[in-house]
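**Q** Predicted model, plus sequence, below.
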Amino acid sequence: AQRVTQPEKLLSVFKGAPVELKCNYSYSGSPELFWYVQYSRQRLQLLLRHISRESIKGFTADLNKGETSFHLKKPFAQEEDSAMYYCAISGGGADGLTFGKGTHLIIQP
Amino acid sequence: SQTIHQWPATLVQPVGSPLSLECTVEGTSNPNLYWYRQAAGRGLQLLFYSVGIGQISSEVPQNLSASRPQDRQFILSSKKLLLSDSGFYLCAWSVLEPAGEQYFGPGTRLTVT
């Protein structure tokens, strides 16, 4: 069975500091990995996906198949980055997503 | 543009009562539809998904059922609610490409008392 682990429930860093939100997964096959974000009073929305290899709002995430990890990183945190972040995995096609429990990121001024 | 609606936004129901949550999507055809639940202290759990009218796949055995009577309508139901059904229910839609990109509704907060 596929599983996503986000070890940190809460992560608090100061503005301008680097941020790394950890995500490890287990999946037998070639999964697709995603980061979703939920800002206060907003809907859950896609932040980035590993196949795009893109940087969104300064965030990047590299898929490490050897370590089965997909950590989310940003070199300089901003206050508007405060939100709940969910790592998710999909087997592709119409399958639903398997989410981690989420990490609450707080950026202190 | 596409939009997704859920109602009601909040619901308080007694144990043993029935449940009906509705989700509708506008601006797209033949979407894949999903119901997720977030219980206290847990992540988002996929409950049901549907690739077409009348086609429902259940991910976990439970006290709930889902139906898709129309292309853009997805309903979550229960005949008799349990305390453990309390949680935050999210509906989402997607198309096959790009895979995995799902669009979420605002959610329904269900409290079973």
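**A** Happy to help now that I have it.
**Q** Just confirm B:Asn63 is within a strand.
**A** No. Using DSSP: H, G, I helix; E, B strand; the rest coil, the assignment for B:Asn63 is coil, not a strand.
**Q** so how many other residues sit close to it?
**A** 12 (other CB atoms under 10 Å in any protein chain shown). For the C-beta atoms, the positions are set from N, CA and C on the backbone; glycine is no exception.
**Q** pLDDT wise, what is it at?
**A** In this model, B:Asn63 is scored at 88, pLDDT.
**Q** Hmm, B:Asp85 and it touching each other?
**A** Yes. B:Asn63 is within contact range of B:Asp85, at 6.1 Å (criterion: CB atoms under 8 Å).
**Q** just how off-centre is stretch A:68-76 within its chain?
**A** When C-alpha coordinates are averaged (CA atoms, centre = their mean, to the nearest Å), stretch A:68-76 and its chain have centres 7 Å apart.
**Q** One more: stretch B:68-81?
**A** 8 Å.
**Q** what distance separates the start and the end of that stretch?
**A** From its first residue to its last, stretch B:68-81 covers 20 Å (CA to CA, to the nearest Å).
**Q** What residues does chain B have near chain A?
**A** Selection of chain B residues close to chain A by CB under 8 Å from any CB of the partner chain yields B:32, B:34, B:36, B:41-46, B:49, B:51, B:59, B:90, B:94, B:96, B:98-107.
**Q** what number of residues lie near the closest residue to A:Gly16 other than its chain neighbours?
**A** Using CB to CB, 6 or more residues apart in numbering or on different chains and skipping residues adjacent in sequence, the residue nearest A:Gly16 is A:Phe76, 5.4 Å away. The number of residues packed near A:Phe76 is 11, by other CB under 10 Å.
**Q** can I assume A:Phe76 sits in a helix?
**A** No. Looking at A:Phe76 with three-state DSSP, it is coil, so not inside a helix.
**Q** wait, doesn't it sit right on A:Phe14?
**A** No. Contact criterion CB under 8 Å: A:Phe76 and A:Phe14 do not qualify, at 10.5 Å.
**Q** In PyMOL, how would I select the buried members of the residues of chain B next to chain A?
**A** Selecting the buried subset of the residues of chain B next to chain A in PyMOL, with 16 or more other CB atoms under 10 Å in any protein chain shown as the burial test, is done by:
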select buried, chain B and resi 32+34+36+43+44+45+46+49+59+90+94+99+100+101+102+103+104+105+107
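**Q** what comes up buried for stretch A:102-109?
**A** Buried, per 16+ other CB under 10 Å, within stretch A:102-109: A:102-103, A:105, A:107.
**Q** Also within reach of chain B: list those from the residues you listed.
**A** Answer for these near chain B (CB under 8 Å from any CB): A:Gly102.
**Q** I'd like to know which of the buried residues of stretch A:102-109 is nearest to chain B.
**A** Comparing the buried residues of stretch A:102-109 against chain B with CB to the nearest CB picks out A:Gly102 as the nearest, at 6.0 Å.
**Q** ok, the residue lying closest to B:Gly41 once chain neighbours are set aside - contacts?
**A** In this structure, B:Gly41 finds its nearest non-sequential neighbour in A:Lys101, 7.8 Å apart by CB to CB, 6+ apart. Shown in contact with A:Lys101 (CB atoms under 8 Å, 6 or more residues apart in numbering or on different chains): A:6, A:9, B:41-43.
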